[in-house]
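Asks: Need the 3D shape of this:
(chains A and B)
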Protein chains: 2
Amino acid sequence: MPYFDMASSAPLHPVARQALLAALDEGWADPARLYREGRRARLLLDAAREAAAEAVGCRPDELVFTPSGTRAVYDGIAGALAARRRAGRRLVVSAVEHSSVLHTAAAHEADGGTVTEVPVDRTGRVTPGAYAAALREAPDGVALACLQSANHEVGTRQPVAEAAEECAAAGVPLLVDAAQSLGWGPTEGNWSLLTASAHKWGGPAGVGLLAVRKGVRFRTVPPTDERESGRSPGFENLPAVVAAAASLRAVRAEAAAEAERLRGLVDRIRARVPELVPDVEVVGDPERRLPHLVTFSCLYVDGEALLHELDRAEFSVSSGSSCTSSTLTPSHVLRAMGVLSEGNVRVSLPRGTAEAEVDRFLEALPGVVARVREGLGAPTPAGAAVTPDPEPEREPGPEPEVELVVDSLGKRCPIPVIELAKVIGEVPVGGVVVVLSDDEAARLDIPAWCEMRGQTYEGERTADRGMAYRIRRRA
Amino acid sequence: MPYFDMASSAPLHPVARQALLAALDEGWADPARLYREGRRARLLLDAAREAAAEAVGCRPDELVFTPSGTRAVYDGIAGALAARRRAGRRLVVSAVEHSSVLHTAAAHEADGGTVTEVPVDRTGRVTPGAYAAALREAPDGVALACLQSANHEVGTRQPVAEAAEECAAAGVPLLVDAAQSLGWGPTEGNWSLLTASAHKWGGPAGVGLLAVRKGVRFRTVPPTDERESGRSPGFENLPAVVAAAASLRAVRAEAAAEAERLRGLVDRIRARVPELVPDVEVVGDPERRLPHLVTFSCLYVDGEALLHELDRAEFSVSSGSSCTSSTLTPSHVLRAMGVLSEGNVRVSLPRGTAEAEVDRFLEALPGVVARVREGLGAPTPAGAAVTPDPEPEREPGPEPEVELVVDSLGKRCPIPVIELAKVIGEVPVGGVVVVLSDDEAARLDIPAWCEMRGQTYEGERTADRGMAYRIRRRA
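Replies: Residues are numbered from 1 along each chain as shown, chains lettered A, B, ... in the order given. Sure, this is the predicted structure:
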């Protein structure tokens, strides 16, 4: 039963399991105690720190273990902001950071700080120079900048080394969230702080990493205690820490070969899905990306129904579609990229994924998408676009514009786009369809549909209820 | 090799180990996901929550899992304070709470809040009515009160039910830190919030509990995410949570019988230690106490040396003496109780401790203490008190007071007390010894020594360096 959601959580690596078992027996005592059980626990903790620091590329005394990657991000950002409060209260982040970074940014704003969001291009990548520009244009002092090493939803690698140089030139520390990439290799560039999460590389849950380079100003926000150099309070989760460090070393040993293998499988998905399934957009940078992750979106498809059908076919994937989110909003990453969010599927292959599993997925996918589309009464493949109405003859001079209004109020993604696709043929070329929708996803998906289908998106305006989206038929 | 420091951390219970192993295979996926691995994880999480809630005595939807007991305390207090900010900014705590509570109180004070510390008696227990008095006398609005169920250093149970009634009468929520007692039974009384830590009852590290009763106002301090009802951010540490819940149920099933058995062993230590070792004070309430924990202090003994000797004799215990603390201050609990802190030993017996192990400890202890005392050149047992100098004949009317000054500046516990004991016989009965000391522990231990040895403690005053302690010879 293929599990293709490595980016959410990886199954426990066998080395992690083995290390965890050993450390349960040897490492349950308090490493701060002086008796033999405590000393034994301390030795294990020190060894785990050394191994993890080597993989991160920092000194052991620069690294602490936290209870999760989320907590590493919260406390890393808070500690850096607190220490640089005199320099300023502005936090610079990319628009596609993990929610833990964006939640911390929102809390910082609610607390009176300011936040700059650096935009990304259509591949999800911040442009080189973007951090420099954000730092230059900040009207107030910038305390900290954050950039992920690679995006968790579309796999695009970020220009971390360039951003670190730009930050260094401006005298601003850079925090890199390396959660998605640390298992594949160390983080390039001269970062100041780094965070990661063990269960993303096959380590156990309950372990995050926070590295703070010597010389980087840092002040843990109280309350805290004497654990982990005063930077991560609470009794050390030692067996899990030991398992995390051991598995990081193990996955790194296999990383180069496995990355090449999975990259081949992902290339196959990237190439085959648009051939096998009509009206699909594969998103993310095709080259500068994580080896194991690929994301695509299917027009006229309900993401939740798609996930459900794939689950019935025994494929576990995730989605950034609004219908799969508790807030009914599409993924902020897809939104920042300006790409289609409906029928979104993220495939992230765990280490050891067999070629045959990927082939089975490619076999199953077309039927699954077709069934979901059929259930929604979606237009037949490329229907609206391939059979345009005959071009109307145009009189010279102004004439009343043909305009059709589609009321999709109260309907959720992908229905507004399906209704648009069904009626676009009813207006003459040059005519306009206005879609009324109060679904958050429409804002992203109607422009994306226009881009994919060669129609002209003319913009949105606030209507009595929801928004009115204006589309001009081009073909 | 007897491990007698259960109050720091308990070895993993076999049921916890078994549950952890099973959950590593079944519960590594994200319980928020809709595919089968996620649904399976969700089922495990729900079952663990139900089991833990039953043991706590609350509804499952009132309970969240946190990464540690410390984090449960931090976030529980912060959330209750934030929600009641309009009611006031005063926090009431007992003087003998766990450091996690006191650290949170200190952070609250640094943030502009106010804190009342409720004192304890010589047994370490807050007196009934003390919370009512603290709430009544608070000049400003009280947002929250905290009281541990039982003390972690001396085992004394607190009058939680009475405090809860006093708080309810004042309309103030009560947070109970049940870290030390939850494995032994549910917490009495109508508490509002409760915290605990799994590794204290034989569960794994990495799991705390935070219960917030329905109707109690609570607002998680941002940043947070959608995990654990928005009350505990970060990916759920599911295998550990499952193991925590299973082991809590298991230790509860054995609790009544095992408590009775360990109570007998502790009674033996309480009775025998003062018979076997001269100049010892057993501290804590002899009746209203945790079944497995006993603490005593030995005059003229260096706590660190004592721990080291006991470790060599293969007994693992802990100590609240200043020399065993990184800050070189004696335990705040012993200080609040006003009892001797030098040569302090806490014995906390894990479940299953054999009678023979306790007997071996009682056999070893006298020799260990004697060796440490010998190494320090301590007075022979009860020497100073049993051989008083002959009473000096007193002329009627005022006469110049005999006063001897002992300069113990720069010397650490227990040296100032040893030097005092050595010279007290050199002044006549009615005469005065002044000890100069800059050791924080002297402040606690010199009055405690006077109490134990029947001498009169006349107070302290600031000297050129350190403090001057004044002792009048009575016998």
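
Asks: those helices in the stretch 251-400 of chain A, which residues are they?
Replies: Under the criterion DSSP state H, counting those that start in this stretch, the stretch 251-400 of chain A contains helices at A:303-312, A:332-337, A:355-376, A:383-386.

Asks: among those helices, which is the most enclosed?
Replies: Taking mean count of other Cβ atoms under 10 Å in any protein chain shown as the contact definition, the stretch among these with the greatest mean neighbour count is helix A:332-337, which reaches a mean of 24. Every residue, glycine included, has its C-beta placed from N, CA and C.

Asks: outside of that one, which residues touch it?
Replies: Residues external to helix A:332-337 that are found in contact with it (Cβ atoms under 8 Å, 6 or more residues apart in numbering or on different chains): A:95-96, A:99, A:102, A:119-124, A:151-154, A:283, A:297, A:320, A:340-341, A:344, A:444.

Asks: Quick one, which of those residues are buried?
Replies: Buried residues within the contacts of helix A:332-337, defined by neighbour count using 16 or more other Cβ atoms under 10 Å in any protein chain shown: A:95-96, A:99, A:102, A:120, A:123-124, A:151-154, A:283, A:297, A:320, A:340-341, A:344, A:444.

Asks: Can you pull the poorly scored residue ranges out of the stretch 251-400 of chain A?
Replies: Counting by pLDDT under 70, the stretch 251-400 of chain A contains low-confidence ranges at A:381-400.

Asks: Does chain B have contacts with stretch A:365-380?
Replies: No - counting by Cβ under 8 Å from any Cβ of the partner chain, no contacts exist between stretch A:365-380 and chain B, the nearest distance being 13.6 Å.

Asks: what about that stretch, distance to the chain center?
Replies: The chain centroid and the centroid of stretch A:365-380 are separated by 26 Å, computed with Cα atoms, centre = their mean, to the nearest Å.

Asks: Show me chain A divided up by domain.
Replies: The record's domain split for chain A, according to automatic domain parsing, is A:14-251, A:254-376, A:400-472.

Asks: Quick one: those domains as a markdown table, columns for distance to B:Asp439 too.
Replies: What follows is the domains of chain A, written out as a markdown table (distance: least, Cβ to Cβ, whole Å):
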| stretch | distance to B:Asp439 |
| --- | --- |
| domain A:14-251 | 20 |
| domain A:254-376 | 55 |
| domain A:400-472 | 65 |
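
Asks: between these, which one is nearest to B:Asp464?
Replies: Minimum separation from B:Asp464 across those (Cβ to Cβ) falls at domain A:14-251, 32.3 Å.

Asks: and A:Val347, what does it touch?
Replies: Under the contact definition (Cβ under 8 Å, 6+ apart), the residues listed for A:Val347 are A:Phe4, A:Val266, A:Ile269, A:Leu293, A:Val294, A:Thr295, A:Val317, A:Phe361.

Asks: just checking: which of the contacts of helix A:332-337 also lie near chain B?
Replies: Checking those against chain B by Cβ under 8 Å from any Cβ, the ones in range are A:Ser99.

Asks: Filter the contacts of helix A:332-337 down to just the ones in strands.
Replies: A:Val283, A:Ser297, A:Asn344 (DSSP state E).

Asks: The nearest residue to A:Arg59 once chain neighbours are set aside: what secondary structure?
Replies: Spatial nearest neighbour of A:Arg59, excluding adjacent residues (Cβ to Cβ, 6 or more residues apart in numbering or on different chains): A:Ala53 at 6.1 Å. Remark: A:Ala53 carries the secondary structure label helix [criterion: DSSP: H, G, I helix; E, B strand; the rest coil].

Asks: same deal with A:Arg461?
Replies: Using three-state DSSP, the structure places A:Arg461 in strand.

Asks: The residue nearest to A:Arg59 contacts A:Glu62, doesn't it?
Replies: Yes - at 6.8 Å, A:Ala53 counts as touching A:Glu62 under the criterion of Cβ atoms under 8 Å.

Asks: anything in contact with each of the two?
Replies: Here A:Ala53 and A:Glu62 have A:Ala211 as joint contacts, going by Cβ under 8 Å, 6+ apart.

Asks: Point out the one among the helices of the stretch 251-400 of chain A that comes closest to A:Arg136.
Replies: Evaluated over the helices of the stretch 251-400 of chain A, closeness to A:Arg136 peaks at helix A:332-337, with 21.1 Å, by Cβ to Cβ.

Asks: Off-centre distance for the closest one?
Replies: Remark: helix A:332-337 is offset 9 Å from the chain centroid, using Cα atoms, centre = their mean.

Asks: Stretch A:51-67: which residues count as buried?
Replies: Burial within stretch A:51-67, assessed by neighbour count using 16+ other Cβ under 10 Å, is assigned to A:51-56, A:58, A:60, A:62-67.

Asks: Closest one of these to chain B?
Replies: Within the buried residues of stretch A:51-67, the smallest distance to chain B is 3.1 Å, found for A:Pro67 (Cβ to the nearest Cβ).

Asks: close enough to count as contact, that closest one and A:Val207?
Replies: Yes - using Cβ under 8 Å as the test, A:Pro67 is close enough to A:Val207 to be in contact (7.4 Å).

Asks: Need the residues touching each of these two.
Replies: A:Asn237.

Asks: Leaving out chain neighbours, which residue sits closest to the residue of the stretch 151-300 of chain A found nearest chain B?
Replies: Of all residues in the stretch 151-300 of chain A, A:Gly234 sits closest to chain B, at 3.1 Å by Cβ to the nearest Cβ. Leaving aside its sequence neighbours, A:Gly234 sits nearest to B:Ser68 (Cβ to Cβ, 6+ apart; 3.1 Å).
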